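Participant: The following block contains a protein sequence and its predicted model.
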Amino acid sequence: MLIHHYDRTTGAYLSSSQPDVDPRNAERWLIPAGATLDAPPARTPTTWPFYRDGVWCLLPDYRGLLCYRTDTGEAVEIATVGLTPEELGLTVEAPPSPRHAWLDGAWRIPPAVLARERRDAAMVEFEQRMARARRTNAGKADAYAAGLLDDAGVYAFKAWSAYQMALVAT
């Protein structure tokens with residue numbers, strides 16, 4: 001015969017042991033407070049038995065499981081029993097990258113991040129093109145104003161100037 005011990009405050013299963021014999025009556029067993037003869041139910045890897053209102057029940061148990069905060073993606077370990085990761089604002093899925101955020105129940109890249117990345121990439125390309133046009137036309141504005149450029153030089157200067165204007169206009 002086994003008695004099953006539980007935390008008297010929370011009801012969480014603690015252990016099982018052999019009961020002591022009653023010293024006044026050798027045919028009886030001593031069942032201490034916080035123990036029962038009722039066996040706890042078989043548990044799964046994510047449940048733990050609790051003795052509540054005179055019966056055992058299984059509650060979620062994710063203690064020791066590495067989870068991730070859905071608001072920041074930070075890795076955390078659950079230390080309490082009785083709550084699921086979802087109830088704690090956690091998920092067992094690691095965020096694929098720092099760019100991802102928890103949206104609609106999954107890690108996704110927020111549209112604002114994608115838009116900012118597209119804009120940043122476009123600005124890098126714009127700066128590269130503008131720098132090339134400026135390097136190509138460097139020092140030619142004064143030569144053009146003074147009439148020192150030949151026809152090919154004037155054509156190239158005007159073409160690169162128009163290109164710069166078109167870059168700024170878009």
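Facilitator: All right, it came through fine.

Participant: Which helix or which strand is home to Arg116?
Facilitator: Applying DSSP states H and E as the criterion places Arg116 in helix 111-137.

Participant: whoops, I mixed them up, Tyr51
Facilitator: strand 47-52.

Participant: So what touches that strand?
Facilitator: Applying C-beta atoms under 8 Å, 6 or more residues apart in numbering, the set of residues contacting strand 47-52 from outside is 4, 6, 10-13, 36, 38, 40-41, 43, 56-61, 63, 81-82. Glycine gets a C-beta too; all of them are placed from N, C-alpha and C.

Participant: Mind telling me what element Val154 is part of?
Facilitator: Element membership of Val154, judged by DSSP H and E, is helix 151-169.

Participant: Pull out the buried residues from the contacts of strand 47-52.
Facilitator: The neighbour-count test (16 or more other C-beta atoms under 10 Å) marks His4, Tyr6, Gly11, Ala12, Tyr13, Pro40, Trp56, Leu58, Leu59, Pro60, Asp61, Val81 as buried among these.
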